[in-house]
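*Asks:* below are the sequence and a predicted model; questions follow.
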Amino acid sequence: MVDYKCMVCDKKVGTEYIRKRIRCPYCGSKMLFKQRSVVTKVKAR
């Protein structure tokens with residue numbers, strides 16, 4: 001499950017809320033982003 005984060009108030013917004021509206025339920029901002037998972041580095045040969 002991917003959580004979104006608000007760029008204004010920095011709180012997590014669940015995907016179940018995103019399906020209904022594309023606004024932060026805490027501050028009303030429309031600026032949300034997906035948090036990246038842990039980055040795995042692969043060395044090239």
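*Replies:* In hand now; what should we look at?
*Asks:* alpha carbons only for contacts and neighbour counts from here, please
*Replies:* Will do.
*Asks:* for burial, what's the neighbour tally of Ala44?
*Replies:* Residues near Ala44, counting by other CA atoms under 10 Å, number 4.
*Asks:* spit out the contact partners of it.
*Replies:* Listed by CA atoms under 8 Å, 6 or more residues apart in numbering, the contact set of Ala44 is empty.
*Asks:* for it, helix, strand, or coil?
*Replies:* Classification of Ala44 using DSSP: H, G, I helix; E, B strand; the rest coil returns coil.
*Asks:* cool, and Tyr26?
*Replies:* coil.
*Asks:* cool, and Lys5?
*Replies:* Lys5 - assigned by three-state DSSP - is strand.
*Asks:* surely it touches Lys34?
*Replies:* Yes: with contact defined as CA atoms under 8 Å, Lys5 counts as touching Lys34 (6.3 Å).
*Asks:* show me which of those two is the more surrounded one.
*Replies:* Lys5 (18 against 12).
*Asks:* which residue is the nearest non-sequential neighbour of the more buried one?
*Replies:* Computed as CA to CA, 6 or more residues apart in numbering, the closest residue to Lys5 that is not its neighbour in sequence is Lys12, at 4.5 Å.
*Asks:* was I right about the one you found contacting Arg23?
*Replies:* No: at 11.8 Å, Lys12 and Arg23 do not qualify as touching, with contact defined as CA under 8 Å.
*Asks:* show me the shaky parts of the chain.
*Replies:* Scanning the chain for pLDDT under 70 picks out 1.
*Asks:* if we use 90, what do you get?
*Replies:* 1-4, 13-25, 28, 30-45 (pLDDT under 90).
*Asks:* backbone dihedrals for Ile18, both of them.
*Replies:* Torsion angles at Ile18 (phi, psi; degrees, to the nearest 10) stand at phi -60, psi -30.
*Asks:* got it, and Glu16?
*Replies:* The phi/psi pair for Glu16 (degrees, to the nearest 10) reads phi -70, psi -30.
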